[in-house]
Every structure is written in structure tokens, then in C-alpha cells.
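Novice: show me how the following folds:
(chains A and B)
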Amino acid sequence: MAYAMQQLINGVSLGMIYGLIAVGYTMVYGIIGMINFAHGDVFMIGAFLSLIAVLLLSMGGLMDGPAGILLVLLFSVAITGVYGWAIERIAYRPLRGSFRLAPLISAIGLSIVLQNFVQVSQGARVKPMETLVQGGIEVMREDGFVVQLAYTQILIIGVTLAVLAIFTVLVTRTPLGRAMRACEQDRKMASLLGIDTDRTISLTFVIGAALAAVAGTMYLLRYGVIDFYIGFLAGVKAFTAAVLGGIGSLPGAVLGGLLIGLIETFWSAYFSVQYKDVAAFSILVLTLVFLPTGLLGRQEVEKV
Amino acid sequence: MTPLLEVDNVSAAYGAVQALTDVSLRVMPGEIVTLIGANGAGKSTLLMTICGAPVPRAGRIRLAGEDITGEKTHLTMRRGVAQSPEGRRIFPRMTVYENLLMGAQALTTGDPGPQLEQVFTLFPRMKERLAQRGGTLSGGEQQMLAIGRALMSKPRLLLLDEPSLGLAPLVVRQIFGAIRQLNESTGLTVLLVEQNANQALRLAHRGYVLVNGRITMEGGGHELLARPEIRDAYLGGGHG
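Specialist: Numbering: from 1, shown residues only, chains lettered A, B, ... in the order given. Below is the predicted model of the structure:
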């Protein structure tokens, strides 16, 4: 019981990170109908920028307490957002209106470019970071097994919920969110209403990248080890989460993220750690075969 | 007086398909002008060309004397042009209220309240359906919403693409009545594209006939209505 409880905590906090990344996949798919395969690498860039911020702030003696973490988060979000904007501008926009596969190929190429860029500029070795947030709360104790909720996990869950709340308000209540949904439903009509659809698409990429940057910061704080390759696996898992939740559905992406996090964690705990990725990807295959629209995806029934 | 809309010798194409050849028309401020023609004559293409997509291959388009040829769609619309397009294109997963707000979105002057009231006066049904999703409305309601959404931007020029398509005669009368009322009470300028030539020509001050992408006839609404060739081509078969 205690053991399962601990896995639940671990699974949820991991799932939150996947969920944040998955939202970026699903947003971009919703608005321009392509899978942004470089999105996992945007998450990786976010994690590296967080590490750079931590080092810079430590040198300046500013890296302490929640204020330091907030600064790291803001730094990473701002610069990763610029990456998101540039990626769309350079690699996808010129291909809009081209054949469907073109931006997909461009995305895969861009993913390789980003990985190599970080590998060359930051080195290929794994980057460890000293633990910034230590300890946690003892939730329960059973037969000598202590269930712990680490402070980093509280941070992940708290920050993710806060960010998703802001994001939800943005999408459902603001003019920008309305413009994004309008572009998603009928881009041509949106432009007929005076909406600058190029700008709306750019902002979608910026917001997606910002969420991935939050995930990158959280990942760094929790696991303390990053390298140029973390974006690949995390990206494919978040993509799986987005598909499981129903690609195009924002709540679906978060739900899918949580489920993938839980499945991966419980599989590792009860079956085999070595095959945890197999578990996650089997979900992708099963979803695509048996539930292609995902859990919260919509069937395409529309009145014309 | 400067025409509000001038289309000068415009040719346009979708890909390799030539859709418009040397089309010229003008709409004066306060006029209702109709463009009639059969399915596939290029009527919708002309409205879309005025809105900047496709960009014309030849010719100029001017709005109140200013050249807008080749301008990006959203910029043209912000000059005070609004379109209720072919197929209505309601945002299906937004509420009626959100659809209407989208119409006012590009307005720089904040409060959409007065336009909302105008739409409710014109189409009281919209007020009842405010919280309903666009995709669940009936055809007639969707058409009212499409026109209402276009009016939300306080347009100088309203482009209407086949508002009568697929609707019951009673609803068509209601919608045409609303267009006339708008024109008479606010002086709104309207370019109306229609297959329903009879009703359109009765409503309009002037009309043009488009055949295979070319303007073949023009004249006053009632004058065109009286011409035998129009009666044969567009009013035959006893309807209207």
C-alpha cells in the first residue's frame, strides 16, 4: 500500500512534466495540423537554459530560495519562447501551403539541428547539477517503508497546476485565446475577420515553447542531470501522451501526460525498469490501433 | 462621388483554373449591388479576390479610392470590409456569443456592446441562442450568425455570399428583409452575390450578371429583372 502510494506520487509528478510538453504538441497540431517533432528538443533547450541560469545566478550569489527558482524559470521561459518563435519562422512558415509532409520533414531536421547545436556548444557529456531543493514531507510510514513527497515534487505539481490554470484562462477567456481557437477551427475565416493569422500561429509556438521551458526547469530541479539527448525520449513520450489524450485536445494532453507518467512509474515499480519505455510506447501503438481519436479527442462530426 | 468599391479589369485564378476574366464593377456608397450568376460562374471567387485571396493576376481593386490590390486579407478587412462567406463558416466549437465577439475582435475601439445590440435587434433569435455552440445551430440561424458576425466589425462594405442558399423561403425573406432594413436605416453598402436572381434583383439597386468569369450584363435591379434573357436563364422553371 505504502509502496503503491509512493509510485502514485512519483507518477503524478512525472506525468505533469509530460503533460506540459504534450500541450505544446497538441496546440501546434490543432492550429496548423502538423506534428512539431522538434518540440521535445525545445524542452531540452529549456532545461539547458535553466541550468545556465542557475549557474549564472549562483555566481552572482542570487541563487537562493524561491526567488532564485522563479528567476530561473522566467529566464528559461523567455529565451525558449524566442526559440519557439524562431523555429516556426525559419523552419515551418516558408513551407506553409506546401505538401503535407514537408513541414514534418523540416521538423525532424530541425530536431537534429537543435540536438547537435547543444552538443557542440555545451559538450556531449552529461551535465549534473547540485541539488537545489532538498528533502520533503513524510506522508506515511508502513512496515519501515517511508512514503515521501519531495519538495521538488510539490514544486512540480504546484507550478504545473498554476501554469495550466493561467494557460486555460488565456485560451478560454482572452481575445488571443479566441483568435487561436478561431484559427484552429477555420483559419481562412479568421483572416476574413481581420485576424493576423501568421501572428496568431507565431504566438502559439511561443506559448508552446514557454510551457516546454517550464517542463525543462522542473525536470532539471527534480532529476538534476541533463544532456543534449533528453528531448528525444521526453518528446516522444509527450507526443504519446498527446495522442492518448486525443491530439488537438488541451485537457486531453494533460490527462494523457498524467496517464503516461503513471503507467511508466507503475510499470517500473512492479515489472521492470529496463522496459519502462516499451510500456509507454506500447500505449502509443495500442491507442493508434484501437482508439485513434484518443480519450478526449473528438469525432469529426460537424454540421455544414 | 468616389465609388466605395471599384473592381477594374480584374482577372484571377485558383491554381491553373482561370476563374475571373477582365471583371469590372463598382459599388457606390449606400448602394445594394447584386452579382448574379450560375453555380461556378466565379461569384465567390470575386468576393474572395476583393478580400485579397487569391491575389488578382491582372487589374486593380480600390476601396474608397485607395488601392488595395494584393493586400493581405486581414489588412483589407480592417479597412472596414466584412464578409459573410460561402458556406457561412461559423466557428462550430465556439458559442454564438464568441462567434459574434470574433467579428469585433479586430476593432481597435473596445466595446462591442452597441453592435451586439444592433445584431439582436436585427436577429432576436441570436440573443436566445447566445450560449449555444455555433455548430449546433440550424442553417437559417447559422446564416443570421454569419451576417451578425460580419456586422460586428462596423463595416463600411458588407459582402454577402449566397445568404439564401439552402434556406426555407420564410427564412430567406427574413434575411433579405434584414439586409434592406440595414441599408435603409444605416446606409450600409452591400455587395450581394446570389443564385436566387429573382429575390436578389428585387432587393438591389443595381445588378451585374456573371457568366463563366465574365460580366455579361449590368443594369438597375428591376431593369435586369424585366429582360427576357435573364428571365430565361435565371428565373425560368417557375420558381421565385
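Novice: and the closest residue to chain A within chain B, what pLDDT?
Specialist: As assessed by C-beta to the nearest C-beta, chain A sits closest to residue B:106 within chain B, at 2.8 Å. (Each C-beta comes from the backbone N, C-alpha and C, glycine too.) We have a pLDDT of 84 for residue B:106.
Novice: for the nearest residue to it once chain neighbours are set aside, what are its contacts?
Specialist: Leaving aside its chain neighbours, residue B:106 sits nearest to residue A:194 (2.8 Å; criterion: C-beta to C-beta, 6 or more residues apart in numbering or on different chains). Going by C-beta atoms under 8 Å, 6 or more residues apart in numbering or on different chains, residue A:194 touches B:74, B:77-78, B:105-106, B:153.
Novice: quick check: residues of chain A near chain B?
Specialist: A:175, A:178-179, A:181-182, A:185-186, A:188-197, A:302-304 (C-beta under 8 Å from any C-beta of the partner chain).
Novice: of all residues in chain A, which one is closest to chain B?
Specialist: Counting by C-beta to the nearest C-beta, chain A gets nearest chain B through residue A:194, at 2.8 Å.
Novice: buried ones in the longest helix along chain B?
Specialist: Looking across chain B with DSSP state H, the single longest helix is helix B:169-186. Of all the residues in helix B:169-186, those buried under the rule 16 or more other C-beta atoms under 10 Å in any protein chain shown are B:171-172, B:174-176, B:178-179, B:182-183.
Novice: after that helix, which helix or strand is next?
Specialist: Note on helix B:169-186: by DSSP states H and E, the next helix or strand toward the C-terminus is strand B:189-194.
Novice: is chain A contacted by that following strand?
Specialist: No. Strand B:189-194 lies apart from chain A when judged by C-beta under 8 Å from any C-beta; the minimum separation is 14.3 Å.
Novice: ok, the residue of chain B closest to chain A touching residue A:195?
Specialist: Yes. Counting by C-beta atoms under 8 Å, residue B:106 touches residue A:195, with 6.3 Å between them.
Novice: and those two? Which one has more around it.
Specialist: More crowded of residue B:106 and residue A:195, by other C-beta atoms under 10 Å in any protein chain shown: residue A:195, with 25 against 21.
Novice: name the SS class of the closest residue to that one other than its chain neighbours, please.
Specialist: Nearest non-adjacent residue to residue A:195, counting by C-beta to C-beta, 6+ apart: residue A:179, 5.1 Å away. When classified by DSSP: H, G, I helix; E, B strand; the rest coil, residue A:179 comes out as helix.
Novice: sorry, back to before: ok, now how distant is the residue of chain B closest to chain A from residue A:124?
Specialist: Distance, residue B:106 to residue A:124, using C-beta to C-beta, to the nearest Å: 49 Å.
Novice: low-scoring stretches of chain B, by residue?
Specialist: Residue ranges of chain B with pLDDT under 70: B:108-109, B:235-240.
Novice: what residues does it have near chain A?
Specialist: Counting by C-beta under 8 Å from any C-beta, chain B sits next to chain A at B:51, B:53, B:72-74, B:77-78, B:82-83, B:85, B:87, B:89, B:91-94, B:98, B:101-103, B:105-106, B:135-137, B:142, B:149, B:153.
Novice: now, those that are in helices?
Specialist: Using DSSP H, the residues of chain B next to chain A in helices are B:73-74, B:77-78, B:98, B:101-103, B:142, B:149.
Novice: export those residues to JSON lines and append columns for neighbour count.
Specialist: Below are these laid out as JSON lines (neighbours: other C-beta atoms under 10 Å in any protein chain shown):
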{"residue": "B:73", "neighbour count": "23"}
{"residue": "B:74", "neighbour count": "21"}
{"residue": "B:77", "neighbour count": "24"}
{"residue": "B:78", "neighbour count": "18"}
{"residue": "B:98", "neighbour count": "19"}
{"residue": "B:101", "neighbour count": "18"}
{"residue": "B:102", "neighbour count": "27"}
{"residue": "B:103", "neighbour count": "28"}
{"residue": "B:142", "neighbour count": "24"}
{"residue": "B:149", "neighbour count": "29"}
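Novice: need the max-distance pair from those residues.
Specialist: B:78 and B:142 (24.6 Å; C-beta to C-beta).
Novice: what count of nearby residues applies to residue A:12?
Specialist: 19.
Novice: confidence score at the residue of chain A closest to chain B?
Specialist: On the pLDDT scale, residue A:194 gets 96.
Novice: element containing it?
Specialist: Applying DSSP H and E, one finds residue A:194 in no helix or strand.
Novice: against residue B:149, how distant is it?
Specialist: The value you get for residue A:194 to residue B:149, if C-beta to C-beta is used, is 12 Å.
Novice: could you do residue A:44 as well?
Specialist: For residue A:44 relative to residue B:149 (C-beta to C-beta), the value is 42 Å.
Novice: with residue A:7 instead?
Specialist: 51 Å.
Novice: list the buried ones in stretch B:203-220?
Specialist: Going by 16+ other C-beta under 10 Å, stretch B:203-220 has these buried residues: B:203-210, B:213, B:215, B:217-219.
Novice: just give me the neighbour total for residue A:287.
Specialist: Applying other C-beta under 10 Å, I find that residue A:287 has 22 neighbouring residues.
Novice: that one and residue A:242 touch, don't they?
Specialist: No. In terms of C-beta under 8 Å, residue A:287 does not count as a neighbour of residue A:242; the distance is 10.2 Å.
Novice: phi and psi next, for the residue nearest to residue B:156 when sequence neighbours are not counted.
Specialist: Closest residue in space to residue B:156, ignoring its immediate chain neighbours: residue B:80 at 3.8 Å, by C-beta to C-beta, 6+ apart. The phi/psi pair for residue B:80 (degrees, to the nearest 10) reads phi 110, psi 30.
Novice: do you know how far residue B:80 is from residue A:199?
Specialist: 20 Å.
Novice: repeat that for residue B:221.
Specialist: 41 Å.
Novice: equivalent analysis for residue A:21, please.
Specialist: 24 Å.
Novice: neighbour-wise, which of these two wins?
Specialist: Counted by other C-beta under 10 Å, residue A:21 and residue A:199 do not tie: residue A:21 has more neighbours, with 31 against 13.
Novice: what score does the more buried one have for pLDDT?
Specialist: For residue A:21, the predicted pLDDT is 98.
Novice: how far does stretch B:118-137 sit from its chain's centre?
Specialist: 20 Å (C-alpha atoms, centre = their mean, to the nearest Å).
Novice: wait, I meant stretch A:174-184
Specialist: With C-alpha atoms, centre = their mean, you get 21 Å for stretch A:174-184.
Novice: same check, this time on stretch B:78-93
Specialist: 9 Å.
Novice: what do you get for stretch A:146-154?
Specialist: On C-alpha atoms, centre = their mean, the centre of stretch A:146-154 falls 21 Å from the chain's centre.
Novice: before we move on, what about stretch A:200-207?
Specialist: 15 Å.
Novice: what's around residue A:85, how many residues?
Specialist: 15.
Novice: right, and it touches residue A:205 too?
Specialist: Yes. With contact defined as C-beta under 8 Å, residue A:85 counts as touching residue A:205 (6.0 Å).
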